[in-house]
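Novice: sequence first, predicted coordinates after that:
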Amino acid sequence: MNTKDFNSIVIANYFKQLFDKKGYAFFTNGDYNLNIIGIRTNHQNIVTNQYDDIILVIYKEKGVQNHKMYQMTTEPGKHFMQESLGNPKGTAILVPGQYRSCWTIDKHRNKYYALCQCGKVKVYRDGNFDNVYDLLPEKIDEGYFGINIHRSNEAYTRQTIDMYSAGCQVFNNPKDFKEFMDLCYKQKELYGNKFTYTLINETDLD
């Protein structure tokens, strides 16, 4: 067993135990049965406008445990935190939790294929246009909001999020996003076009 295989097994075991504690599903049967996990960093809820979160994908390939880790954001960029999107409730920030079969491969804004929301999710609504993410339980909204998992620029990585996220889960590196979507297509071939996404906080990790 090489170091990569060992690390993947350790990571998979850790998250399976964490998910068991939370009552979340963790997929272990078959190749390309993807566990797609967003990990939100905590900067005292300050809008950093940076891709400072992680998306972790845990899966098996030819029966061997594997994982991929990518840079992304799970929160809106500065532009949409300070400018109205036309929703009087405010800008959407995805609430941590597990959302079963809530995404499907479809065209993001009719431009390119990504994971697009097809089931209800919960979001915090922040409508005071300041530099702080207001994650208030009384401001939670549930429904269909176009919270997609997509990329930012098609050609290069960026230093800042700006207008690339209004609440979506957004990859910074287009090559990372392509690799991620290749995994999603492999899952689709085996299990159908529905995907589960789990968002946790970095404080959930011990």
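Specialist: Thanks, I have it. Numbers count the residues shown, from 1 in each chain.
Novice: need the residues that contact the least confident helix or strand in the chain by mean pLDDT.
Specialist: Ranked by mean pLDDT, DSSP states H and E, the weakest helix or strand in the chain is helix 3-22, scoring a mean of 91. The contact list for helix 3-22, computed with Cβ atoms under 8 Å, 6 or more residues apart in numbering, reads 25-26, 28, 35, 37, 56, 58, 64-67, 98, 198, 200, 204-205. (Glycine included, C-beta is placed from N, CA and C.)
Novice: same question for stretch 158-173.
Specialist: Contacts of stretch 158-173 (Cβ under 8 Å, 6+ apart): 38, 49-51, 55, 70-80, 85, 91-94, 123, 145-153, 157, 177, 180, 197, 199.
Novice: make a PyMOL selection of the buried ones in the residues you listed.
Specialist: Selecting just the buried residues from the contacts of stretch 158-173 in PyMOL takes one command, with 16 or more other Cβ atoms under 10 Å as the test:
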select buried, resi 38+49+50+51+55+70+72+73+74+75+76+77+78+79+80+91+92+93+94+123+145+147+148+149+150+151+152+177+180+197+199
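Novice: so which of the contacts of stretch 158-173 sit within strands?
Specialist: Among the contacts of stretch 158-173, the residues falling in strands (DSSP state E) are 38, 55, 70-73, 91-94, 123, 149-151, 197, 199.
Novice: let me know the closest of those residues to Phe129.
Specialist: Closest approach between the ones in strands among the contacts of stretch 158-173 and Phe129, by Cβ to Cβ: Thr91, at 8.5 Å.
Novice: can you read off the pLDDT for the nearest residue to Val95 once chain neighbours are set aside?
Specialist: Spatial nearest neighbour of Val95, excluding adjacent residues (Cβ to Cβ, 6 or more residues apart in numbering): Lys122 at 4.0 Å. pLDDT for Lys122: 98.
Novice: Lys122 touches Tyr144, doesn't it?
Specialist: No - Lys122 is beyond contact range of Tyr144, at 11.6 Å (criterion: Cβ atoms under 8 Å).
Novice: more neighbours, these two?
Specialist: A direct count of neighbours by other Cβ atoms under 10 Å for Lys122 and Tyr144 places Lys122 higher, at 17 against 11.
Novice: tell me how far the more buried one lies from Gly38.
Specialist: 14 Å (Cβ to Cβ, to the nearest Å).
Novice: please name the bridge partners of the residue nearest to Val95.
Specialist: Here Lys122 sits in beta bridges with Glu142, going by DSSP bridges.
Novice: next one: it from Ser101, what distance?
Specialist: For Lys122, the distance to Ser101 - Cβ to Cβ - is 15 Å.
Novice: rewinding a little: among the ones in strands among the contacts of stretch 158-173, which pair sits farthest apart?
Specialist: Tyr70 and Thr91, at 23.5 Å, using Cβ to Cβ across the ones in strands among the contacts of stretch 158-173.
Novice: no more questions from me, cheers.
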